[in-house]
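Novice: Kindly generate the corresponding structure for this input.
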Amino acid sequence: MSATLVPTGLTCQDQVTADVRVDCAAVIVGSGAGGATMAAELADAGVDVVVVEEGGYHPTESFTAETGRSVRTLYRDGGLGLALGRPPVLFSEGRCVGGSTVVNGGMSWRTPARVLDRWAREEDVAAITEQDMEPHFAKVESRISVALQDPETIGRDMQLLKAGADAKGWTIIPNLRNQLHCAGTNNCTNGCPTGAKRSMLVTKYPARARARGTVVRGLPGGPDHEVRKGGDGRRGPVCPARGSQRTPSDGALRRGGGCWRCGADSRPAGPLGIAVKFRAARPQPQPSPERQGGRLLR
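Specialist: Model (predicted):
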C-alpha cells in the first residue's frame with residue numbers, strides 16, 4: 001500500500017497510529033453503486049457525509065490480468081459467495097473502494113417497469129413510476145457514461161454469437177455498459193486497467209466527494225467504529241449501502257475498513273452531527289503469496 005499514490009486527503013491504514021474522530025451529519029456504509037451515489041448527492045446538497053468502506057483502495061494503475069491477486073484484494077471471500085436455495089447460486093461481490101462496480105462487467109440497464117410497479121404496490125414506494133424515474137436514470141447514465149460499446153472493440157466471440165443468433169432468427173439486444181471507449185481488454189473482473197469502465201472508483205461521484213472534504217480510508221481487518229449521538233442527543237441518519245446481500249445485516253460499522261468524508265466544508269456538523277471514531281487496529285496478517293504458473297504472486 002505504501003507504493004500506491006493516494007489522492008489528497010485520503011489516509012490509509014499504515015498512516016493511522018491513533019484514534020481518529022470524524023464529525024458529520026450522515027454516515028453512508030459502503031462506497032459502491034449505492035453508497036457513492038448517495039454520498040455524492042448529499043454532498044452536492046451541502047450535507048456533511050462520511051462513507052465507511054470495508055475494503056482497500058486500489059487505483060486503476062494497480063490492476064493487472066493476474067486473477068489470483070484480484071480475488072484477494074478486490075473481492076469478498078475470494079469471489080466465492082453463495083446464495084442458498086434450490087439450486088444454490090454462486091455470486092461474487094466486491095470489497096474495495098468502489099465496491100462491486102470495480103469488478104463487474106459494467107452492464108447498465110434501467111429497472112423494468114414491472115419491477116417499479118411491484119415496488120410501488122407491495123413496498124408502498126411513492127413516485128417510482130417510469131415517468132418519475134426518467135430524470136434520475138438519465139442523470140446517472142450521463143454521469144457514468146452509459147452507452148453502446150464501440151463496434152471495433154467488440155470481440156470475435158460476440159460477433160460469432162450474434163451471427164449464430166441471426167441464423168436462428170433470434171433477437172440480439174445490444175448491451176449498454178457504463179464505459180467510455182472501452183478498449184476490449186476483457187479484464188473487467190480484475191479491475192479495468194484503462195479506467196474506461198466508469199466504476200465508482202473513477203467517476204465523478206468520488207471526485208465530487210473528495211473535492212468537498214477529507215477522505216480517511218484504510219483499516220481493513222479489525223478497527224472498532226463507534227457511531228455516537230450529535231450535539232443535541234439525536235443520532236443522525238446512517239444509510240447502509242452494502243449491496244442486496246449484506247445491507248440487511250448492517251454489520252459494516254463493526255467490520256468496516258475506513259471512511260470517506262465529504263460535505264460543504266470541513267467544519268463539524270450541526271445538531272444532527274455524528275461522531276465516528278476509528279480506533280487504531282493492530283496490523284493484520286497478510287495472505288501468503290500464491291504460486292501460479294511458476295510465478296510468485298504478491
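Novice: Could I get the full set of helices for the stretch 1-150 of the chain?
Specialist: Here the stretch 1-150 of the chain has its helices, by DSSP state H, counting those that start in this stretch, at 33-44, 67-73, 113-122, 130-143.
Novice: What residues sit buried inside the shortest one?
Specialist: By neighbour count on 16 or more other CB atoms under 10 Å, the buried set for helix 67-73 is Gly68, Arg69, Ser70, Val71, Arg72, Thr73. C-betas here are computed from N, CA, C, even on glycine.
Novice: Tell me the one among these nearest to Met107.
Specialist: Ser70 (18.9 Å; CB to CB).
Novice: Just give the nearest non-adjacent residue to that closest one, would you?
Specialist: Excluding the flanking residues, the one nearest Ser70 by CB to CB, 6 or more residues apart in numbering is Asn190, at 4.0 Å.
Novice: show me what contacts that neighbour?
Specialist: By CB atoms under 8 Å, 6 or more residues apart in numbering, the residues touching Asn190 are Phe63, Thr64, Ala65, Glu66, Thr67, Arg69, Ser70, Leu74, Val103.
Novice: again, but for Glu61
Specialist: Contacts for Glu61 (CB under 8 Å, 6+ apart) come out as Leu5.
Novice: rerun that using 10 Å as the cut-off
Specialist: Residues in contact with Glu61, defined by CB atoms under 10 Å, 6 or more residues apart in numbering, are Thr4, Leu5, Gly191, Pro193, Gly195.
Novice: Got a ChimeraX select line for the buried ones in these?
Specialist: The ChimeraX selection below is limited to those of the contacts of Glu61 classed as buried (16+ other CB under 10 Å):
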select :191,193,195
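Novice: and the least confident of the contacts of Glu61?
Specialist: Among the contacts of Glu61, Thr4 carries the weakest pLDDT, at 68.
Novice: Who does Tyr75 form a beta bridge with?
Specialist: Per DSSP bridges, the residues bridged to Tyr75 are Gly94.
Novice: So, low pLDDT: which residues of the stretch 1-150 of the chain?
Specialist: For the stretch 1-150 of the chain, the stretches flagged by pLDDT under 70 are 1-4, 8-14.
Novice: Could you list the buried residues of stretch 133-150?
Specialist: Buried-residue list, stretch 133-150, by 16+ other CB under 10 Å: Val140, Arg143, Ile144, Ser145, Val146, Ala147, Gln149.
Novice: Apart from its neighbours in sequence, what residue is nearest the first one?
Specialist: Right, the one you point to is Val140. Val140's closest residue in space is Thr37 (CB to CB, 6+ apart), at 7.1 Å.
Novice: about what we covered before: quickly name whichever of the buried residues of helix 67-73 is closest to Leu80.
Specialist: Val71 (8.4 Å).
Novice: which residues sit in contact with Glu134?
Specialist: When contacts are counted by CB under 10 Å, 6+ apart, Glu134 touches Arg110.
Novice: What separation do you get for it and Val140?
Specialist: Per CB to CB, to the nearest Å, Glu134 is found 11 Å from Val140.
Novice: overlap in contacts of those two?
Specialist: Contacts common to Glu134 and Val140, judged by CB under 10 Å, 6+ apart, are Arg110.
Novice: Same list, the contacts of Glu61, but as a markdown table with distance to Ala45 please.
Specialist: Output for the contacts of Glu61, formatted as a markdown table (distance: CB to CB, whole Å):
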| residue | distance to Ala45 |
| --- | --- |
| Thr4 | 31 |
| Leu5 | 31 |
| Gly191 | 31 |
| Pro193 | 34 |
| Gly195 | 28 |
